[in-house]
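In: Coordinates for the following, if possible.
(one chain, ligands or ions: 1)
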Amino acid sequence: MTVDSKLDMLLSRGREYEDELINFLSGFIQVKSVNPPGDVREAAEYVQSFLSKWGLQSRWIEPKEGVVTIYSNVGGEDYIMLNGHMDVVPEGDHSRWTYPPYSGKIVDGYVYGRGASDMKGGLSALIFAYAVFTNVFDKFDRGVSLAAVGDEEVGGQYGSLYIAEELGIKPNYVLLGEPSTLNYYNIGEKGIVWYRVKVVGEPAHASVSPYAGDNAILKAGEVIKEIYKLSEIDFEPPGDIRDIAIQSGLKAKELLGLDGIEKIFFRLSCNVGLINGGVKTNVVAPECTIDFDMRIPHAITVDDVLKLVGEKLSKFDGVSIEKISGHDPNYTNPETPLAKVIEESAYEEMGYKPKPSLVMGATDGRHFRLKGCDAVVYGPGEWSRIHGFDERIEINDVKRAFRVYLRILYRMLKP
Ligand SMILES: [Zn+2]
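Out: Residues are numbered from 1 along each chain as shown. The predicted structure follows:
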C-alpha cells in the first residue's frame with residue numbers, strides 16, 4: 001500500500017464517525033464536571049466507557065478524591081500524548097443562557113453548553129482521533145497516549161502536573177486541544193505571579209489625622225501607583241520568538257480592540273485585585289494588605305518580577321512583599337517538528353496554515369514544557385464566549401479539528 005492510500009483509508013474511516021463525534025460531544029457536555037468543586041468522575045466514566053467500547057485499555061488515576069485522569073496508551077512509551085481537560089468553569093446565572101448550560105443542545109450547526117469550546121469540543125476530537133487511529137493501524141513504532149485530565153481550571157496540580165511529575169510520564173510531544181482556534185497554534189504562554197504587599201502604618205485617633213499617625217491605606221494607594229509603573233516597561237523576548245510575540249500582540253488587538261494591548265507580550269500586566277486594611281472608621285489605619293496578579297513576558301522570571309517590585313517599594317517605610325504563587329513564562333521551540341506537522345496537516349485539510357502564537361493565560365502545556373517536552377496547543381473553539389454565557393462550538397470546526405488530528409497522528413507516528 002502506498003503512503004497516501006494508507007492515509008486515505010484513515011480519513012475515510014474517520015468520516016464514518018463524524019456524526020457520532022458530535023453526539024459524543026453533546027453527551028459529554030451533559031455530564032457535569034464543574035470546577036470548583038472539580039469532581040470529574042462522571043465525565044471520566046463517560047470517557048472510559050467510550051474507550052472500552054473501542055477495546056482500549058485505560059487507567060483511572062485519582063490522586064485527590066473526584067479529580068480523575070483517564071490515561072490510555074498504545075504502542076509503548078509515549079512519543080506523543082493527546083491531552084485535554086474535562087473540567088469546566090461554573091455556568092453562572094442560568095437565566096442568561098438561551099439554552100440550559102448542560103443541555104448540549106445542537107442548533108444551526110453549533111453545539112451549545114458549558115465546556116463546548118473550553119474544551120470538551122477539542123477533547124472529543126482528540127478522543128475520536130485516538131480511537132480511530134489506533135483502531136485502523138495496529139502497527140506503529142512509537143507510542144501514542146490520550147490523557148483526559150481534571151483540575152486544569154484551577155492549575156492542574158492533580159491533573160497534568162501530577163501525571164508529568166508524580167507518574168513521570170514524559171512524552172516527546174504533547175498536543176493539547178485547548179481552543180487556539182484553527183487559525184493559530186500556541187507554542188507558549190506568559191508566566192504569572194501572585195504576591196501580597198503588606199503595608200504597616202501607625203494608628204492614631206481619626207480626629208487628629210492627618211497630623212498624627214501614619215495611615216497604611218493611604219500609603220497603600222501610593223504603593224499601588226508605584227507598582228503599576230512596572231507595566232510600562234518594555235522587555236525584549238528571546239530572538240526565536242520575537243516575531244511571534246509581535247504577531248500575537250497584533251492578534252490580541254484585533255480580537256479585543258484595546259488600545260496598547262499589542263504590547264502585552266513585551267510587558268507585564270498588572271492588577272491589584274484585593275485590598276484589606278484598617279480596623280475602624282475612626283482609627284488611622286495601622287495595616288493594609290494588597291494582592292497583585294502580574295502576567296510575565298518571555299524575557300523575565302517570577303524572581304525578576306519580585307525583585308523589580310522590591311526595588312519600587314524600597315522608598316517606602318514599613319512595606320514588605322510575600323509571594324503567593326507563580327510560574328515562569330514558557331515556550332516550546334517554534335521549530336519543533338510538531339509545529340510543522342500541525343501546519344502541514346491543517347493546510348491539507350483547510351487550505352491554509354495556522355500561525356504560531358503566544359497566549360496571555362496559562363494552559364496545562366506548561367507542566368510538560370517544564371519537564372522538557374515539546375507542548376503545542378491546537379484546537380477548535382469560539383473565543384468570544386469562553387467562560388461566558390451561551391458558550392458554543394461550531395460543528396464543522398470540531399469535525400475539521402478531528403480530521404487534522406488524524407493527519408497529525410499519521411505524520412507523527414508513521415504507521
Ligand atoms: Zn481550557
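In: Let's verify the residue of the stretch 301-415 of the chain found nearest the ion: helix, strand, or coil?
Out: Residue nearest to the ion within the stretch 301-415 of the chain: residue 363 (6.6 Å; Cβ to the ion). Every residue, glycine included, has its C-beta placed from N, CA and C. Residue 363 falls in the coil class when you classify it by DSSP: H, G, I helix; E, B strand; the rest coil.
In: Next, give phi and psi for it.
Out: The phi and psi values for residue 363, taken as degrees, to the nearest 10, are phi -130, psi 170.
In: so what's it up against?
Out: Taking Cβ atoms under 8 Å, 6 or more residues apart in numbering, we find residue 363 in contact with 152, 176, 178, 186, 189, 377.
In: again, 7 Å this time
Out: By Cβ atoms under 7 Å, 6 or more residues apart in numbering, the residues touching residue 363 are 176, 178, 189, 377.
In: try residue 144
Out: 74-75, 79-80, 130, 134, 409, 413.
In: Same check on residue 251?
Out: Residue 251 touches residue 357, counting by Cβ under 7 Å, 6+ apart.
In: quick one: the residue of the stretch 151-300 of the chain found nearest the ion from residue 60, how far?
Out: Using Cβ to the ion, the point where the stretch 151-300 of the chain gets nearest to the ion is residue 178, with a distance of 4.8 Å. Distance, residue 178 to residue 60, by Cβ to Cβ, to the nearest Å: 23 Å.
In: more neighbours, those two?
Out: A count of neighbours by other Cβ atoms under 10 Å puts residue 178 above the other of residue 178 and residue 60, at 25 against 12.
In: Look up which residues are beta-bridged to the closest residue to that one other than its chain neighbours.
Out: Nearest non-adjacent residue to residue 178, counting by Cβ to Cβ, 6 or more residues apart in numbering: residue 377, 4.8 Å away. On DSSP bridges, the residues paired with residue 377 through beta bridges are residue 176, residue 186.
In: Distance check, residue 377 against residue 147.
Out: Distance from residue 377 to residue 147, counting by Cβ to Cβ: 14 Å.
In: and what of residue 341?
Out: 19 Å.
In: Could you check which of these two has the larger neighbour count?
Out: residue 147 (29 against 21).
In: A helix includes the more buried one, no?
Out: No. Under three-state DSSP, residue 147 falls outside any helix and is assigned strand.
In: Please name the bridge partners of it.
Out: Beta-bridge pairing of residue 147 under DSSP bridges involves residue 71, residue 83.
In: can you pull the contacts of the residue of the stretch 151-300 of the chain closest to the ion?
Out: With Cβ under 7 Å, 6+ apart, residue 178 has these contacts: 119, 122, 363, 377, 379.
In: Check residue 319 too.
Out: Residue 319 neighbours (Cβ under 7 Å, 6+ apart): 197, 199, 223, 313.
In: again, but for residue 88
Out: Going by Cβ under 7 Å, 6+ apart, the list of residues near residue 88 reads 33-35, 114-115, 118.
In: So it versus residue 181, what's the distance?
Out: In terms of Cβ to Cβ, residue 88 sits 19 Å off from residue 181.
In: Likewise for residue 332?
Out: 18 Å.
In: before we move on, what about residue 192?
Out: From residue 192 to residue 181 the distance is 22 Å (Cβ to Cβ).
In: all helices of the chain, in order?
Out: 3-16, 18-30, 41-53, 121-136, 160-165, 216-228, 239-256, 302-313, 337-350, 365-369, 395-413 (DSSP state H).
In: The first one to helix 337-350, inter-axis angle?
Out: When you say that, I think you mean helix 3-16. 70 degrees (axes from the mean of the first three to the mean of the last three Cα atoms, to 10 degrees).
In: How about the third one?
Out: Taking the same axes, to 10 degrees, helix 41-53 and helix 337-350 form an angle of 80 degrees between their directions.
In: elements contacting helix 41-53?
Out: helix 18-30, strand 67-74, helix 121-136 (3 or more Cβ pairs under 7 Å, 6 or more residues apart in numbering; DSSP states H and E).
In: export stretch 70-89 as PDB, just CAs?
Out: What follows is stretch 70-89, C-alpha atoms only, in PDB (Å, rounded to 0.1, in the frame of the first residue of the first chain):
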ATOM      1  CA  ILE A  70      -8.200   8.800  32.300                       C
ATOM      2  CA  TYR A  71      -4.900   7.800  30.700                       C
ATOM      3  CA  SER A  72      -4.700   5.300  27.800                       C
ATOM      4  CA  ASN A  73      -1.600   4.300  25.900                       C
ATOM      5  CA  VAL A  74      -1.000   2.200  22.800                       C
ATOM      6  CA  GLY A  75       2.300   1.100  21.300                       C
ATOM      7  CA  GLY A  76       4.800   1.700  24.100                       C
ATOM      8  CA  GLU A  77       6.300   4.700  25.800                       C
ATOM      9  CA  ASP A  78       4.600   7.900  24.900                       C
ATOM     10  CA  TYR A  79       6.100   9.500  21.800                       C
ATOM     11  CA  ILE A  80       3.100  11.800  21.500                       C
ATOM     12  CA  MET A  81       0.400  12.500  24.000                       C
ATOM     13  CA  LEU A  82      -3.000  13.900  23.200                       C
ATOM     14  CA  ASN A  83      -4.100  16.000  26.200                       C
ATOM     15  CA  GLY A  84      -7.300  17.800  27.200                       C
ATOM     16  CA  HIS A  85      -9.200  18.700  30.300                       C
ATOM     17  CA  MET A  86     -12.600  17.500  31.300                       C
ATOM     18  CA  ASP A  87     -13.400  20.100  33.900                       C
ATOM     19  CA  VAL A  88     -15.300  23.300  33.100                       C
ATOM     20  CA  VAL A  89     -15.800  26.600  34.900                       C
END
